[in-house]
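Asks: need a structure here:
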Amino acid sequence: MTYLWSVFTKPWAGLPGDELGRLIAGLGFAGAEIPVRDTAFVTTANAEAELPTFTKQLRDEGIEPISIASELTEPVFAACAAAGVPMIRIMAPLGPDGYAASVRRNREQLEASAVLAERYDVQVGVQPHHGKFVPSTLGVLQLLDGLPDRFKLVWDAAHDALAGDDPAVTIELGAGRLGIVNLKNAKYVETADGWKAQFGQADEGLSDWSAVHAALVRAEYEGPVCLTGQYSDLTVSVEERVRKDLQEAVTSWSRDPSRE
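Replies: Numbers count the residues shown, from 1 in each chain. Prediction:
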């Protein structure tokens with residue numbers, strides 16, 4: 001299978017495009033998801049002016065932008081269209097009014113953004129996330145049910161595992177909506193404040209990346225696989241950790257899982 005090995009560039013959010021491109025190309029990546037937020041080099045306020053230049057600088061370094069992590073406003077859609085970025089990734093927050101009401105509110109917001117997705121030919125990717133968001137792949141699929149094809153699932157290995165799900169099930173059910181695969185790992189650890197999610201390297205969590213690969217092969221997925229560079233232990237540099245995880249994933253995923 002062919003994957004575009006990518007990285008979420010949040011750990012280096014303040015870098016300009018040329019410097020960022022050289023850094024992540026040196027780590028072995030060919031694609032990038034870019035945060036477009038108030039804390040990043042490209043913000044929601046300057047995205048229309050800055051994102052096209054930023055993405056050109058990435059492409060000049062051999063890095064293809066796969067998505068931005070941002071919000072569903074018209075200036076952000078317009079910036080993606082001008083920069084040739086195919087997707088805006090979001091999560092679905094849960095409010096104090098409960099799960100059902102939160103899902104209705106998220107659904108209304110997604111429906112309202114459909115006209116912008118159509119106008120600018122930009123996809124919307126929704127990622128599950130443990131905690132104060134729709135936490136499961138199946139919950140996201142329910143949220144997206146009936147929306148246009150431009151609305152995609154961003155499947156996430158760590159959050160799928162934290163939800164107690166099986167990639168053989170969730171990837172099969174989500175194959176028709178699959179836009180990006182996030183590759184990271186996590187587990188629950190007991191702390192004085194209760195059980196908390198701890199993010200680690202490929203072999204340090206609940207997600208079995210070989211099972212993820214096997215499920216993607218069965219689903220015939222070919223597209224971006226994005227390592228998110230999220231690690232709870234920062235005593236080792238993100239660059240060292242994410243390089244190691246990329247090498248592990250590329251090496252192990254080059255094998256045919258049906259013969260293992």
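Asks: just checking, Gln109 touches Leu72?
Replies: Yes - counting by Cβ atoms under 8 Å, Gln109 touches Leu72, with 6.8 Å between them. Just so you know, the C-beta spots here come from the backbone N, C-alpha and C atoms, and that holds for glycine as well.
Asks: how about Gly28, what does it touch?
Replies: Applying Cβ atoms under 8 Å, 6 or more residues apart in numbering, we find Gly28 in contact with 5, 243, 246-247, 250.
Asks: at 6 Å what do you get?
Replies: Residues in contact with Gly28, defined by Cβ atoms under 6 Å, 6 or more residues apart in numbering, are Leu246.
Asks: also Val42?
Replies: The neighbourhood of Val42, defined by Cβ under 6 Å, 6+ apart, consists of 36, 50-51, 54.
Asks: export the residues you listed to a markdown table and tack on secondary structure and pLDDT?
Replies: Putting the contacts of Val42 into a markdown table (DSSP: H, G, I helix; E, B strand; the rest coil; pLDDT from 0 to 100) gives the following:
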| residue | secondary structure | pLDDT |
| --- | --- | --- |
| Val36 | coil | 98 |
| Glu50 | helix | 98 |
| Leu51 | helix | 98 |
| Phe54 | helix | 98 |
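Asks: and which of those residues is nearest to Val225?
Replies: Using Cβ to Cβ, Val36 comes nearest to Val225 of those, at 21.0 Å.
Asks: and the closest residue to the closest one other than its chain neighbours, how far is that from Ala40?
Replies: Setting aside the residues directly before and after it, Val36 is nearest to Ser70 in space (Cβ to Cβ, 6 or more residues apart in numbering), at 3.9 Å. Distance of Ser70 to Ala40, computed by Cβ to Cβ, to the nearest Å: 9 Å.
Asks: higher neighbour count, the two?
Replies: Ser70 (25 against 21; other Cβ atoms under 10 Å).
Asks: right, and that one touches Val76 too?
Replies: Yes - using Cβ atoms under 6 Å, Ser70 is in contact with Val76, at 5.1 Å.
Asks: list the buried ones in stretch 218-230?
Replies: For stretch 218-230, the neighbour count (16 or more other Cβ atoms under 10 Å) marks 219, 221, 223-230 as buried.
Asks: and those residues as a markdown table, adding secondary structure, pLDDT and distance to Gly176?
Replies: Below are these laid out as a markdown table (DSSP: H, G, I helix; E, B strand; the rest coil; pLDDT from 0 to 100; distance: Cβ to Cβ, whole Å):
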| residue | secondary structure | pLDDT | distance to Gly176 |
| --- | --- | --- | --- |
| Ala219 | coil | 97 | 9 |
| Tyr221 | coil | 97 | 11 |
| Gly223 | strand | 96 | 13 |
| Pro224 | strand | 98 | 17 |
| Val225 | strand | 98 | 18 |
| Cys226 | strand | 98 | 20 |
| Leu227 | strand | 98 | 24 |
| Thr228 | coil | 96 | 23 |
| Gly229 | coil | 95 | 28 |
| Gln230 | coil | 96 | 27 |
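Asks: count the neighbours of Ala82 for me.
Replies: So Ala82, with other Cβ under 10 Å, has 15 neighbours.
Asks: the closest residue to it other than its chain neighbours in helix, strand or coil?
Replies: Residue nearest to Ala82 in three dimensions, not counting chain neighbours: Pro52, with 4.9 Å by Cβ to Cβ, 6+ apart. Classification of Pro52 using DSSP: H, G, I helix; E, B strand; the rest coil returns helix.
Asks: of Gln109 and Leu72, who's got more company?
Replies: More neighbours surround Leu72 than the other of Gln109 and Leu72, with 17 against 13 (other Cβ under 10 Å).
Asks: contacting residues for that one?
Replies: Taking Cβ under 6 Å, 6+ apart, one finds Ser113 in contact with Leu72.
Asks: same question, the one 3 residues further on
Replies: For Pro75, the set of contacting residues under the criterion of Cβ under 6 Å, 6+ apart consists of Glu48.
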